[in-house]
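In: Sequence first, then the predicted structure, then my questions.
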Amino acid sequence: MFYKIALNNVKRSFRDYSIYFLTLTIAVCIFYSFNSFEEQTAMLEMGKSTSEYMLTFNKLIAGTSIFVSFILGGLITYANNFLIKKRKKELGIYMTLGMSKGKISRILIFETLLIGLISLVVGTALGIIVSQGLSVITAQLLAVEMSQYKFVVSFGAVIKTAVYFGIIYLLVMIFNQVTISKYKLIDMLNAAKKNEVVKLKNAYVSIFTFLISLIVLAIAYALILENGMNSEGILLIAALLMGVIGTLLFFFSLSNFMIHIVQKNKKLYLKDLNIFILRQINNKINTNFVSMTVICLMLFLTITLLFTMFSFKSTNDKMVEGNTSFDASSVLIANDKHQEEENEIENFLEKIDFKFQADEKHTFFSEYKLTLTLEDLLTNYLSEQELLDFQKNYMMGALSAVKISDYNSSVQLKGQKPIELKGNEVLIVSNYGHMNKALDKFMDNEDIINIEGKDYTIKNDIPIAENILTTATALSFFYLIVPDDFSGELILDKTGFNVMFEGIDPKKSEEKFTDLFTSLWNDSTVDGINYLVLGNTIDQVNTRVHGLSATIVFLGIYLGLIFLISSAAVMALQQLSDASDSLERYQSLRRIGVTEKLINKAILIQNLIYFAIPLGLAIIHSIVGISMVNEVFKTYSQSIIGSSMFIIISALLIIYGGYFYATYVGFKNIVKSRN
């Protein structure tokens, strides 16, 4: 009997609270998808470094999933609380018929199990489908190729998802029992007749509180915009706390303030059902101001997080361009205390008995420091603030130089033609134009570089944006390619080699050089002399640069989606609960002759305003937050806004807008079904 009652209740709940089930299903889908990486990445052509990185990445996802489970647990508990409150009268009738609270709890346990199983099965099935596409995204983010595609089901992720959500549902069952045990029969039967308690009634107090909230928010914005990322710890914490307090006061006073303002405009206030709509919104915002504050802050975090995440990836992708021309590269940092042969990387490799195979085509080069500095070249083309930003983020100091013979040997290793350079000419090789327009301005206006009193003609019109080595540590580079007979002072800075894998099994060479660079990073002492040797393969570069981007992107999407659906789901549940509580009010409208068209219009406007208010304030918060972060990305000659605007707007329209529309339809159906 209890199972039958529970089954009928679930069927009815599916009609009235489909959004709740949809949210659970989406949550399970997302949870499974992001925890199935370990099996999904089996389709990728990964080198040793990338494989090791993916192990670390999977641990990060696992840790984040624990945090996500707390959010989802709170969401599910909150939603269940709403459902139980709505069903107080129904549960009271059960008690009137002689059913004990223990038996009512048993019905709720059956319902929770049914809801959990349905959501878990459907959500996992969707997650299996969605996770297939994540492998393609992973391959693009890590700049690796996919091997032959195969449909993969992660049984580990299935078990993990079932365990996590099983624990959540178990806690929900306990919560339901505790909640039911506290209810009194009289409260249950009269629940529908109870009105929401309005927290703030006085017009002057509400206006004063609203103005205070605006002042507090304005001060918080000013502190953030003025100090930005350079804010001291206490100052930044103060600004954030003021932002939270200002947001709380804003929603606490908004509804009454809004009514008093609209009442001044009689034409607007008395039009159609605006009086009714305002009263409905007033009751809902006033009683749910804490949850609306949390929702607004979660939406703010989501928007800012997604903007920053995609812009960070775009910046990293731009920075790595030109830094992966060779399959592997290494440099030995010169030490003026060592003899000349000890600063040669070729001699060092002989000492450690490292040999290149026949299919590992390689070349050696030397890099020097000039007396000319980067400030000497670019200061006139940088504003004072740009110069400070440039000095803070990039190596200014003495310029690096490479002789044309070394440069050409590296160019030919890539299969390109060598470049001829006269005795009075230099080449500029740099990617600084990606980060600041000063270099482009310099090359547009200057044809000559003076080095130690001698003029050299700049041979190229635009800088060559390909590094002389593959690197993940010095993504910004600036070299002058000088003639072999250069007469100025050249101070040896480092020696290095580049190599291309031309064998039938490049992975073998990749692993060979990865092991070499890893061992040298841990210990590069030979014959009692401590050398500083740094090296990277393409696989290592992709792991360090693209891998960092992938981590930021995936964790950002993971948390962003959870925050977004949690916020939208709570808004939807609150409105659907309001629909059930306000049925008598809509019946009264019909009795006085209000048409269905006007009622539907009122429902649309009410839901639109309720969804738009927290989103609107969150967008304003985000504009301030993004402006602060944008100052960092301006150094890279790109705006955080333009690079990800379309993606963020699409996500908000699809998810938040989708929840709004589904809520409107559900609200309208609840009101209509009781007609």
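Out: Nice, thanks for sending it over. Residues are numbered from 1 along each chain as shown.
In: Quick check: closest non-adjacent residue to the residue most central in space within the chain.
Out: Central residue of the chain (Cα atoms, centre = their mean): G556, 2.5 Å from the mean position. The spatially closest residue to G556, leaving aside those adjacent along the chain, is M309, at 3.4 Å (Cβ to Cβ, 6 or more residues apart in numbering). All C-beta spots, glycine's among them, are computed from the backbone N, C-alpha and C.
In: just checking, next helix/strand downstream of the helix or strand in which the one you found is found?
Out: Assigned by DSSP states H and E, M309 belongs to helix 289-320. Remark: after helix 289-320, the chain's next helix or strand is strand 328-333, criterion DSSP H and E.
In: in that following strand, what's buried?
Out: Residues A328, S329, S330, V331, L332 are the ones in strand 328-333 that count as buried (16 or more other Cβ atoms under 10 Å).
In: on that earlier part again, which strands and helices lie in contact with whichever strand or helix holds the residue nearest to the centre of the chain?
Out: Remark: G556 resides in helix 547-581, with elements defined by DSSP H and E. Counting contacts by 3 or more Cβ pairs under 8 Å, 6 or more residues apart in numbering; DSSP states H and E, helix 547-581 packs against helix 18-35, helix 48-86, helix 101-142, helix 274-287, helix 289-320, helix 596-633, helix 657-673.
In: quick one, what contacts L475?
Out: M319, V320, N323, N431, V545 (Cβ atoms under 8 Å, 6 or more residues apart in numbering).
In: one more time with 10 Å, if that's ok
Out: Contact analysis of L475 by Cβ atoms under 10 Å, 6 or more residues apart in numbering lists 315-316, 318-323, 431, 434-435, 467, 541, 544-545.
In: Now G488. Nearest residue, chain neighbours left out?
Out: According to Cβ to Cβ, 6+ apart, the nearest residue to G488 is E452 (4.5 Å).
In: strand partners of the strand ranked longest in the chain, parallel vs antiparallel please.
Out: In the chain, assigned by DSSP state E, the strand with the most residues is strand 360-373. Note on strand 360-373: by DSSP bridges, its sheet partners are strand 398-403 (antiparallel), strand 491-501 (antiparallel).
In: next helix or strand past the first one?
Out: I take that to be strand 398-403. helix 404-413.
In: next one: the longest one
Out: Elements were assigned by DSSP H and E; along the chain past strand 491-501, the next helix or strand is helix 506-522.
In: In that following helix, which residues are buried?
Out: Quick answer for helix 506-522 (16+ other Cβ under 10 Å): P506, S509, E510, E511, K512, F513, T514, L516, F517, L520.
In: what does the helix or strand following that helix contact?
Out: On the C-terminal side of helix 506-522, the nearest following helix or strand under DSSP H and E is strand 525-526. Residues from elsewhere that reach strand 525-526 (Cβ under 10 Å, 6+ apart): E342, F348, K351, I352, L520, Y531, V533.
In: Backbone dihedrals for the second one, both of them.
Out: For F348, the backbone dihedrals (degrees, to the nearest 10) come out as phi -60, psi -40.
In: and it, what is it in contact with?
Out: So F348 contacts S330, L332, E341, E342, F354, T495, L520, S524, V526, I529, Y531, V533 (Cβ under 10 Å, 6+ apart).
In: again, 7 Å this time
Out: F348 makes contact with L332, V526, Y531, V533 under the criterion Cβ atoms under 7 Å, 6 or more residues apart in numbering.
In: Without its sequence neighbours, what residue ends up closest to the first one?
Out: Taking Cβ to Cβ, 6+ apart, and ignoring the residues beside it in sequence, L332 has I345 as its nearest neighbour in space, at 4.1 Å.
In: just the strands in the stretch 101-250 of the chain please.
Out: Secondary structure of the stretch 101-250 of the chain (DSSP state E, counting those that start in this stretch): strands at 145-146.
In: Rounded mean pLDDT for stretch 451-463, please.
Out: The predicted model assigns stretch 451-463 a mean pLDDT of 88.
In: Figure out how far that stretch is from the centre of its chain.
Out: 43 Å (Cα atoms, centre = their mean, to the nearest Å).
In: could we number from 8 for the rest of this?
Out: Sounds good: first residue 8 from here, last item stretch 458-470.
In: Just the terminal-to-terminal distance for it.
Out: Counting by Cα to Cα, to the nearest Å, you get 18 Å between the two ends of stretch 458-470.
In: returning to what we had before: nearest to L306, of the buried residues of helix 513-529?
Out: Closest to L306 out of the buried residues of helix 513-529 is T521 (43.1 Å), distances taken as Cβ to Cβ.
In: So S437 versus P470, what's the distance?
Out: 5 Å (Cβ to Cβ, to the nearest Å).
In: Which residues are in contact with each of those two?
Out: L446.
In: still on that earlier bit, what pLDDT, on average, does the helix holding M316 get?
Out: The model assigns helix 296-327 a mean pLDDT of 82.
In: Quick one: list the elements packing against it.
Out: When contacts are defined as 3 or more Cβ pairs under 7 Å, 6 or more residues apart in numbering; DSSP states H and E, helix 296-327 packs onto helix 240-271, helix 554-588, helix 603-640, helix 647-658.
In: which element follows the second one toward the C-terminus?
Out: Pointing back at helix 554-588 there. The helix or strand immediately downstream of helix 554-588 is helix 590-598, counting by DSSP H and E.
In: do the same with the first one
Out: Once the chain leaves helix 240-271, the next helix or strand it forms, by DSSP H and E, is helix 273-276.
In: so what does that following helix touch, helix or strand wise?
Out: Helices and strands touching helix 273-276, as assessed by 3+ Cβ pairs under 7 Å, 6+ apart, comprise helix 240-271.
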